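> coords please:
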Amino acid sequence: MTQACLSLNETSEIGDARRTTLRMADQAGFSETRRGEIAIVVTELATNLIRHAVDGQLFVQRLCSAGAEWFEMLAVDRGPGMTDVQRCLQDGYSTAGTPGNGFGAIRRLSDEFDVFSTEAKGTVVLSRFRLDTACAPSQFAVGATSQPAPNEAVCGDIWRVTAHGDHVAVMVADGLGHGSAAAEAAEGAASVFESDPFLDDATFYQRLHQRLAGTRGAALARAIVHAGRVSYTGVGNISGSLIGPHESRGLPSQNGIVGAESRRIATNPSYDWPARGLLLMHSDGLVSRWTLNAYPGLVLRHPAIIAAVLARDYTRGRDDVTVVAVRTPERSTVQ
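Just a heads-up that it's a prediction; the model follows:
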């Protein structure tokens, strides 16, 4: 996965954001026509962040999400937010004296689009373009954000999601500390996961320990969803939660460091996947006291929106932070 995080505060930075995004889109293999559409979207997103937002950031990444490849642009800000999202989506509506076609154009050109806004807290806008349009849609929707610690060039966290039919496996790993040595450990964990995402727990963690021996080691958790059930195992401080419409539950991990010591992995019970269920996993760069209750309607939004809102508002601000959200695709969408 390749990601760029662009801070947008001045008009001159719009061109930089467009050039960076189009370079990544070209490397991804998009046609000239699709790159032109992406150029329109990134320009509108960047312009909106500069004209209307506080602390605007644009995350651009190429990712594999539950069996499909996507080119994703995620605009995140800290306010002032929109009082009427549906009105802002109408062509011709503007608060800045412009033609007001920005959100309408983004929605029409995107293969996936969603937006969530809360007054005073800010707005998150998602635009995705599919890289492999022939691929069958997955039964799961996935979103994630992963950011390095302040003043670090690389992230010591990593996440992976692999779907196979009605199976999906999710992994989050946090290399100890941050920087390149932490990233090395996390990449090692990802290579084990990618080789066989659905491997039985005992063998999976044994291979992880062998692969990460000699590195800093990592905290890691893996969830597997199949046939309406969720199994979850973890070592160290990766947190997991299973959220349903009526109740939520934390998913337990055991103490330890993968790669530092080999130990028997406790077998946790599997759990029913609730109707309209949401699986959240995150590294300890996110505080443990986050809540979705402060954001009416957020639980129904695209998982990428959910992950971005939590990372924006609950990051510790001194460590790498990764948030992954997975749900079945039955959800409310912006029309």
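> Residue ranges in the stretch 201-335 of the chain under the pLDDT threshold?
Applying pLDDT under 70 to the stretch 201-335 of the chain flags residues 329-335.
> Show me the helices in it, by range?
Ranges of helices in the stretch 201-335 of the chain, per DSSP state H, counting those that start in this stretch, are 201-212, 303-314.
> looking at the ones you listed, which is buried most?
A comparison of the helices of the stretch 201-335 of the chain by mean neighbour count, using mean count of other CB atoms under 10 Å, puts helix 303-314 on top with a mean of 24. For glycine as for every other residue, the C-beta is placed from the backbone atoms N, C-alpha and C.
> Quick one: distance of that one to the chain centre.
On the basis of CA atoms, centre = their mean, to the nearest Å, the separation between the geometric centre of helix 303-314 and that of its chain is 8 Å.
> How about stretch 56-71?
Its chain's C-alpha centre lies 8 Å from the corresponding centre of stretch 56-71 when counted by CA atoms, centre = their mean.
> if we can go back for a sec, turn the helices of the stretch 201-335 of the chain into TSV, including distance to V225.
TSV is the format used below for these (distance: least, CB to CB, whole Å):
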stretch	distance to V225
helix 201-212	15
helix 303-314	13
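> Out of the ones you listed, which is closest to R35?
Between R35 and the helices of the stretch 201-335 of the chain, the shortest gap by CB to CB is with helix 303-314, which sits at 21.5 Å.
> Low-confidence regions, the stretch 51-200 of the chain specifically.
For the stretch 51-200 of the chain, the stretches flagged by pLDDT under 70 are 65-67, 83-101, 133-138.
> could you redo the last one with a cut-off of 90?
Counting by pLDDT under 90, the stretch 51-200 of the chain has low-confidence residues at 51-55, 63-69, 79-105, 119-120, 131-140, 163-167.
> Nearest approach to G228 belongs to which of the helices of the stretch 201-335 of the chain?
Short answer: helix 303-314, nearest of those by CB to CB, at 18.5 Å.
> Run through who's touching that closest one.
The set of residues external to helix 303-314 that reach it, using CB atoms under 8 Å, 6 or more residues apart in numbering, is 59, 72, 74, 76, 78, 114-116, 121-122, 124, 126, 128, 141-145, 147, 278, 280, 282, 286-287, 289-290, 292, 295, 298-299, 321, 323-327.
> swap the cut-off to 7 Å and go again
Under the contact criterion CB atoms under 7 Å, 6 or more residues apart in numbering, helix 303-314 has outside partners 72, 74, 76, 78, 114, 116, 121-122, 124, 126, 141-145, 147, 286-287, 290, 295, 298, 321, 323-327.
> Please apply the same query to stretch 224-233.
166-169, 198, 201, 221-223, 240, 242, 251, 265, 268, 270-273, 279.
> what about dumping the CA coordinates of it to CSV?
Output for stretch 224-233, consisting of C-alpha atoms alone and laid out as CSV, is shown next (Å, rounded to 0.1, in the frame of the first residue of the first chain):
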residue,chain,number,x,y,z
ILE,A,224,-11.4,-13.9,10.9
VAL,A,225,-15.1,-13.5,9.9
HIS,A,226,-16.9,-16.4,8.4
ALA,A,227,-20.5,-17.7,8.3
GLY,A,228,-21.8,-15.1,10.7
ARG,A,229,-19.1,-15.7,13.3
VAL,A,230,-16.0,-13.7,14.3
SER,A,231,-12.8,-15.3,15.8
TYR,A,232,-10.2,-13.0,17.2
THR,A,233,-6.7,-13.5,18.7
